[in-house]
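**Q** okay, sequence plus prediction incoming.
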Amino acid sequence: MMDKLKGFYVKNKIPVWVVLMVLLVTMPLYVSAGNMRIVCRIMLYIILAGGLNVISGYCGQLCFGIAGFYCVGSYVQAILMKTYNVSYWLALLPSGIVAALIGAVVALPALRMKGIFLGMITIGFSELMRLIALNWTPVTGGAMGFKGIMAPTFFGIKMGGASKYYYIFLFVVIAYMFCTNRVIKSRVGRAWMSIREDELAARSLGVDAKKYKILNFMYGSFWAGIAGAIFVAYSTYVDSTYFTLDEGFNVLGMLIIGGQGTLVGPIVGSFVAQVLTESLRFINVWRYVVYAALIILMMWVRPQGLIGASGSILAGSKAGKKKTKKAEKIVKSEGKEA
Amino acid sequence: MAALLEAKGVSKIFGGLVAVDNVDMTVNKGDIFGIIGPNGAGKTTFFNICTGFYTPSQGAIYLEGQKISGLPCDQIAKKGIARTFQNIQLFKYMSVLDNVKIGFHINTRTNLFDAIVHSKTYKNDEKIIKEKGYAILEEVGLSKYADTMAGNLPYGVQRKVEIARALALEPKILLLDEPAAGMNPNETDSLMQFMLMLKEKGHTITVIEHDMKFVMNSCNHILVLNFGQKICEGTPDAVKNNEQVKEAYFGKGIIAARGTN
Ligand SMILES: Nc1ncnc2c1ncn2[C@@H]1O[C@H](COP(=O)(O)OP(=O)(O)OP(=O)(O)O)[C@@H](O)[C@H]1O
Ligand SMILES: [Mg+2]
């Protein structure tokens, strides 16, 4: 079915995009205000899962601490706006950049450690950010956090409320998709993927693994920081309780469901997670159990995620075998020709 | 003739094991330089020293007279040494073409911002990578596999992909670790022709290989290692008739098993 969809898309690229864009831009007209809140949540998590996807999906650096970068971006935005009266728009980029710089620091241990050990470090980092936010009261407002963070105005239109703020989310999601699509199809993205697949081989080809791992962490955490920055003016308040480890695992869960190392994975993952937890509201907290079970199930039967190709490194040996048989057939038939 | 790659008194000690013992080597420009020796002789370890995967316990490696041992391996690759691996280290889950594209890393400049704005640098790089990438695949005879996932190919073909990827670095010298392993006699033969063609084109190659026929017919100079030590060095004929070499090999029965030519 995936192939059919893809075929249809390739044939009708322009109309598909026009329809999609019109549907997206007019969404507040045909979706209720209540549901727009869910749409905004989906978009927020697309950006977060997208940032994580760059780090763990494209470069294979295990990161449980995406909430730490989300926290940094949120607080930088809140502090700049509330303490220093910087305008919303001017504060956005610095929020992303500070998160990226901290990403570079977190990447340093990644140069020596891999896999679960790196994962542990990112857990520690994430908690450290939350605890600083909670306890550095003079700067972060402590347990009270910041209140009354106002949504910006755009050409005189106040962007407050889900139906309007949606456009800011939409813009950032599109910007993320646009940039990341280009980066992963370039020399930089290929260097990241080569490190994910086989770091020794990559280095033997002259890929400076250290530099590219740091750059990778910076790029991913930049987007998580931006997500935080736009989140605070959407919710209008922020405190440290948003940035627990749970949140980091939650985002990772979405990414696993959607498919790591694919562009569309974060979109699908965030969508499935939100729709699932919203539509199961009637079973209360049990919906999170369902969500957790789904993650386990995915890891089991489809580790590459809903979108991931069966031939990806994440699919592991199961899918690999199938493909090998196919390739062997190709080779054999070609042998006959020759 | 100019010395391209030199090893001077190189040793590598693992715990109590002397894997490479005081080895000197001079590879000249245009050589196909063979390194042979029984299993465990230290050949791969020696390659790992030349390419910066290991630092030598003693001695040093020079490329065009410049000391390179001690540099990290990506720096050494940038200086002009490309290699393949005995146990094939391709990017298995990527297409053959993408494998080769990564080989162009050091010869291209695109950074993050170039990629995002599709700058001139990006466009130039991608153009070069595409043209030269396909040209290399054509040369190695792999065009038809360009979009196949590398890990799905038979070993013989994978070895060629690895060579193609290494060629993309446009290296000064190419180190091949048992390139004919896993190939049938036909493939081995075409690999030999291919190496001779590369030599014609001005490439310099150092090759580790167990297949004596392959080594004797393609290399112009051979170095023999045994228990980490150089026991003999010279032209194929000189090596073939050396008593110590015969001893080292007949002791292990390798020549007897594979046939000497
Ligand atoms: N990283 C290492 N740590 C400890 N010992 C090692 C290491 N690498 C190699 N050795 C040992 O060094 C010796 C030489 O190994 P090496 O792989 O260089 O031999 P080789 O000549 O390439 O053999 P083969 O023909 O089987 O490939 C062996 O005894 C091996 O066990
Ligand atoms: Mg070896």
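**A** Right, received. Where do you want to start? Ligands and ions are numbered 1, 2, ... in the order given.

**Q** state the number of residues packed around the residue in the stretch 1-150 of chain A positioned nearest to ligand 2.
**A** The minimum distance from the stretch 1-150 of chain A to ligand 2, using CB to the ion, falls at residue A:114 (25.0 Å). In this view, the C-beta of every residue, glycine as well, is placed from N, C-alpha and C. Other residues near residue A:114 come to 14 when the count uses other CB atoms under 10 Å in any protein chain shown.

**Q** can you check residue A:296 too?
**A** 11.

**Q** element containing it, please.
**A** Element membership for residue A:296, per DSSP states H and E: helix A:286-301.

**Q** distance of whichever residue of the stretch 151-300 of chain A sits closest to ligand 1 from chain B?
**A** Nearest residue of the stretch 151-300 of chain A to ligand 1: residue A:200, at 12.4 Å (CB to the nearest ligand atom). The gap separating residue A:200 from chain B is 6 Å, by CB to the nearest CB, to the nearest Å.

**Q** mind listing what the residue nearest to that residue when sequence neighbours are not counted touches?
**A** Counting by CB to CB, 6 or more residues apart in numbering or on different chains, residue B:89 is the residue found nearest to residue A:200 once chain neighbours are left out, at 6.3 Å. When contacts are counted by CB atoms under 8 Å, 6 or more residues apart in numbering or on different chains, residue B:89 touches A:198, A:200, A:201, A:204, B:162.

**Q** for the record, mean pLDDT for the strand or helix carrying residue A:233?
**A** Taking DSSP H and E as the criterion, residue A:233 maps to helix A:209-235. Mean pLDDT, computed over helix A:209-235, is 96.

**Q** could you name the helices and strands sitting against whatever helix or strand comes next after that helix?
**A** From helix A:209-235 onward toward the C-terminus, using DSSP H and E, the following helix or strand is helix A:245-258. In terms of contacts (3 or more CB pairs under 8 Å, 6 or more residues apart in numbering or on different chains; DSSP states H and E), helix A:245-258 is packed against helix A:33-52, helix A:66-82, helix A:115-135, helix A:265-279, helix A:286-301.

**Q** hey, which of those helices is tucked in deepest?
**A** Stretch with highest mean neighbour count among the helices and strands packed on helix A:245-258: helix A:66-82 (a mean of 28; mean count of other CB atoms under 10 Å in any protein chain shown).

**Q** low-confidence stretches in the stretch 151-261 of chain B?
**A** Within the stretch 151-261 of chain B, the ranges that satisfy pLDDT under 70 run B:250-261.

**Q** in it, which residue sits nearest chain A?
**A** In the stretch 151-261 of chain B, the residue that lies nearest chain A is residue B:152 (3.3 Å; CB to the nearest CB).

**Q** what about that residue, how many neighbours?
**A** Neighbours of residue B:152 under the rule other CB under 10 Å: 22.

**Q** quick one: it from residue B:195, how far?
**A** Distance of residue B:152 to residue B:195, computed by CB to CB, to the nearest Å: 25 Å.

**Q** please apply the same query to residue B:186.
**A** For residue B:186 relative to residue B:195 (CB to CB), the value is 15 Å.

**Q** neighbour count for the two, which is higher?
**A** Under the criterion of other CB under 10 Å, the comparison of residue B:186 against residue B:195 puts residue B:195 first, with 22 against 9.

**Q** that one and residue B:219 touch, don't they?
**A** No - using CB atoms under 8 Å, residue B:195 is not in contact with residue B:219; the gap is 9.1 Å.

**Q** still on that earlier bit, using PDB, write out every CA atom in the helix or strand where the residue of the stretch 151-300 of chain A closest to ligand 1 lies.
**A** For residue A:200, the element it lies in under DSSP H and E is helix A:199-204. The C-alpha coordinates for helix A:199-204 follow below in PDB (Å, rounded to 0.1, in the frame of the first residue of the first chain):
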ATOM      1  CA  GLU A 199      31.700   5.000  12.400                       C
ATOM      2  CA  LEU A 200      35.000   3.300  11.700                       C
ATOM      3  CA  ALA A 201      34.300   3.100   8.000                       C
ATOM      4  CA  ALA A 202      33.100   6.700   8.000                       C
ATOM      5  CA  ARG A 203      36.300   7.900   9.600                       C
ATOM      6  CA  SER A 204      38.400   5.900   7.100                       C
END
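
**Q** related to what we said a few turns ago, list residues touching both of residue B:195 and residue B:219?
**A** Common contact partners of residue B:195 and residue B:219 (CB under 8 Å, 6+ apart): B:32, B:207.

**Q** all the strands of the stretch 151-261 of chain B, residue numbers only.
**A** Secondary structure of the stretch 151-261 of chain B (DSSP state E, counting those that start in this stretch): strands at B:173-177, B:204-208, B:221-226, B:229-234.

**Q** how about the ones you listed, which one is nearest residue B:13?
**A** In terms of CB to CB, the element of the strands of the stretch 151-261 of chain B nearest to residue B:13 is strand B:229-234, at 13.2 Å.

**Q** distance from the chain centre to the helix holding residue A:200, please.
**A** A distance of 27 Å separates the centroid of the chain from that of helix A:199-204, by CA atoms, centre = their mean, to the nearest Å.

**Q** which residues touch that helix?
**A** The contact list for helix A:199-204, computed with CB under 8 Å, 6+ apart, reads A:191, A:194-195, A:209, B:51, B:53, B:72-74, B:77, B:82-83, B:85, B:89-91, B:102.

**Q** among these, which lie within helices?
**A** Counted as lying in helices by DSSP state H, out of the contacts of helix A:199-204, are A:191, A:194, A:195, A:209, B:73, B:74, B:77, B:102.

**Q** which secondary element of chain A has the worst mean pLDDT?
**A** helix A:316-337 (a mean of 50; mean pLDDT, DSSP states H and E).

**Q** run through the residues that contact residue 223.
**A** Looking at chain A here, since you left the chain open. By CB under 8 Å, 6+ apart, the neighbours of residue A:223 are A:47, A:48, A:50, A:51, A:54, A:96, A:176.

**Q** correction: the question concerned chain B.
**A** Residues near residue B:223 by CB under 8 Å, 6+ apart: B:25, B:33, B:34, B:35, B:36, B:230, B:232, B:233.

**Q** which residue sits closest to the last one in space, ignoring its chain neighbours?
**A** Taking CB to CB, 6+ apart, and ignoring the residues beside it in sequence, residue B:233 has residue B:223 as its nearest neighbour in space, at 4.7 Å.

**Q** what's the separation between the residue lying closest to residue B:141 once chain neighbours are set aside and residue B:127?
**A** Spatial nearest neighbour of residue B:141, chain neighbours left out: residue B:160 (7.2 Å); criterion: CB to CB, 6+ apart. Residue B:160 sits 25 Å away from residue B:127, taking CB to CB as the criterion.

**Q** looking at these two, which has the bigger crowd around it?
**A** Ranked by neighbour count (other CB under 10 Å), residue B:160 and residue B:127 place residue B:160 first, with 24 against 10.

**Q** hmm, residue B:30 is touching residue B:200, no?
**A** No - look at residue B:30 against residue B:200 with CB under 8 Å: they stay out of range, at 9.6 Å.

**Q** so between those two, which is more surrounded?
**A** Each of residue B:30 and residue B:200 has its neighbours counted (other CB under 10 Å); residue B:30 has more, 16 against 9.
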